[in-house]
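Enquirer: Below is the structure, and that's it, no one-letter string:
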């Protein structure tokens, strides 16, 4: 058999790279995905009656993205409900480790039954279940915690309805988007719980920020699409308010610009020669992120659409000024009392960065 495998590898290497790529994409990857699906246990539809059955939250606990923070939030939410969840990290398996987890991590329990919350979206679900060892013969109640940012049903996500017992989402906006599919299982809203860590305090010196300026911040991860997060609108808003006045400062906090040269070029162009706008591209630890947010006066989020809007909720929890588009997931918690709500018009979803270009979809354009 090993000789056959060796011969197959040699033949494979003789094929032109373009042919190998097409065969991998259209034949090998679909076959592998189907095999994974066949081997994955199908979930039960009633939670286990044994009160001692494990309750697991599996997610990107060591990843500084919104979906990573979502997993940490879900873990804390379950703790607040008096439960004893077990945190199982998938960051390394998905090659997304960029921070240490503030929550103790454990291996996936070997129990035959339990409740599993998988804090990853539908496309990643089969791989996650395989990594977690959810092979046929195990009888677990599986909750898919899915986040999405548009009002349409996410194309293709229905393929994995059979791998979950129910679906949780972070906002009524996402619940309505996912729940509109006629074959969707039970879909319910479980908004993120915001816990301000003890001891959080401003530290402008650490971030080399002026002590006497009014400081604004806008946040965008280039892997989440700069067109959706729309820091460009925040930059225009700030320039319109303050011009080149160095008594005010805007921090454009980004991540992953090294992986998206076009996004970096577009941001640098939008900032231009403004002496009071600073680009900060960095991955911060959780304590650093909270300290930075505590050090500013106002968060601007003129996004086009949000599944929830964690930075917005965190800024509100710190009693900061918030300027935000009055649309999508953040409207579960943004009110005229805690936010400056910016009106908008719905426009076609056209994403220059290619992540959210869906026919017939719309998102918001803030009216500045």
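Expert: Thanks, I have the structure now. Given the structure is predicted, the values throughout are model-derived calculations rather than measurements. Numbering: from 1, shown residues only.

Enquirer: can you pull out the helices in the stretch 51-200 of the chain?
Expert: Here the stretch 51-200 of the chain has its helices, by DSSP state H, counting those that start in this stretch, at 66-80, 125-131, 172-179.

Enquirer: All the strands of the stretch 251-368 of the chain, in order from the start?
Expert: 277-281, 298-301, 321-325, 340-342, 344-348, 362-366 (DSSP state E, counting those that start in this stretch).

Enquirer: Figure out how far the third one is from the centre of its chain.
Expert: Computed by CA atoms, centre = their mean, to the nearest Å, the chain-centroid distance of strand 321-325 equals 20 Å.

Enquirer: quick one on the thing from earlier: how about the strands of the stretch 251-368 of the chain, which one is nearest residue 231?
Expert: Using CB to CB as the measure, strand 298-301 is the one of the strands of the stretch 251-368 of the chain that comes nearest residue 231, at 8.5 Å. To be clear about C-beta, it is placed using only N, CA and C from the backbone, and glycine gets the same treatment.

Enquirer: what's in contact with that closest one?
Expert: Strand 298-301 has contacts (CB atoms under 8 Å, 6 or more residues apart in numbering) with 214-219, 229, 234, 237-238, 250, 293, 309, 311-312, 315, 320-325, 330.

Enquirer: now, which of those residues lie within helices?
Expert: 229, 234, 237-238, 293, 311-312, 315 (DSSP state H).

Enquirer: Quick one, which of these are buried?
Expert: Listed as buried from those are 229, 234, 237-238, 293, 311-312, 315; burial here means 16 or more other CB atoms under 10 Å.

Enquirer: Quick check: the farthest pair among the residues you listed?
Expert: Farthest apart among these by CB to CB are 237 and 293. That separation is 18.5 Å.

Enquirer: contacting residues for residue 316?
Expert: Contacts of residue 316 (CB under 8 Å, 6+ apart): 322, 333-334, 338-339.

Enquirer: ok, now how distant is the closest residue to residue 227 other than its chain neighbours from residue 149?
Expert: With CB to CB, 6 or more residues apart in numbering as the criterion, residue 227 has its nearest non-adjacent residue at 4.5 Å, and that residue is residue 351. Distance, residue 351 to residue 149, using CB to CB, to the nearest Å: 11 Å.

Enquirer: quick one on the thing from earlier: just name the closest of the contacts of residue 316 to residue 139, please.
Expert: Closest to residue 139 out of those is residue 333 (36.6 Å), distances taken as CB to CB.

Enquirer: How many residues are close by the closest one?
Expert: The tally of other residues near residue 333 (other CB atoms under 10 Å) stands at 18.

Enquirer: Quick check: closest non-adjacent residue to it.
Expert: Residue 333's closest residue in space is residue 313 (CB to CB, 6+ apart), at 5.9 Å.

Enquirer: Let me know whether the one you found touches residue 196 as I believe.
Expert: No - between residue 313 and residue 196 there is no contact under CB atoms under 8 Å: 10.6 Å.

Enquirer: These two: who's more crowded?
Expert: Neighbour totals were compared for residue 313 and residue 196, and residue 313 leads with 23 against 13 (other CB under 10 Å).

Enquirer: quick one: the more buried one from residue 251, how far?
Expert: Residue 313 is 19 Å from residue 251, where distance means CB to CB.

Enquirer: repeat for residue 334
Expert: To residue 251, residue 334 is 21 Å away according to CB to CB.

Enquirer: of the two, who's got more company?
Expert: Counting neighbours by other CB under 10 Å for residue 334 and for residue 251 shows that residue 334 has the greater number, 24 against 20.

Enquirer: What is the burial count for the nearest residue to the more buried one once chain neighbours are set aside?
Expert: Sequence neighbours aside, residue 324 is the residue nearest to residue 334 in space, at 5.6 Å (criterion: CB to CB, 6+ apart). When counting by other CB under 10 Å, one arrives at 26 neighbours for residue 324.

Enquirer: wait, isn't residue 324 in contact with residue 302?
Expert: Yes - when contacts are counted by CB under 8 Å, residue 324 is listed as touching residue 302 (7.4 Å).

Enquirer: Any chance you could list residues touching both of the two?
Expert: Joint contacts of residue 324 and residue 302 (CB under 8 Å, 6+ apart) are residue 342.

Enquirer: Mind listing residues that contact stretch 113-121?
Expert: 44, 47-48, 50, 53-60, 67, 70-71, 74, 78, 85, 90, 125, 128-129, 132, 134, 138-148, 154, 157, 164, 168.

Enquirer: Among these, name the buried ones.
Expert: Buried subset of the contacts of stretch 113-121 (neighbour count, 16+ other CB under 10 Å): 47-48, 53-60, 67, 70-71, 74, 78, 85, 90, 125, 128-129, 132, 134, 138, 140-148, 154, 157, 164, 168.

Enquirer: quick one: residue 330 and residue 64, what's the gap?
Expert: Computed with CB to CB, the distance linking residue 330 and residue 64 is 20 Å.

Enquirer: who's more crowded, these two?
Expert: Looking at residue 330 and residue 64 with other CB under 10 Å, you find the greater number of neighbours at residue 330, namely 27 against 22.

Enquirer: mind checking pLDDT for the more buried one?
Expert: Per-residue pLDDT puts residue 330 at 98.

Enquirer: Could you do the one 4 residues further on as well?
Expert: The model reports residue 334 with a pLDDT of 98.

Enquirer: which stretches of the protein have low pLDDT?
Expert: 1-6, 8-13, 15, 17-36 (pLDDT under 70).

Enquirer: sorry, back to before: go through the contacts of residue 316 and name the one nearest residue 94.
Expert: Minimum distance to residue 94 across the contacts of residue 316 is 28.9 Å, recorded for residue 333 (CB to CB).
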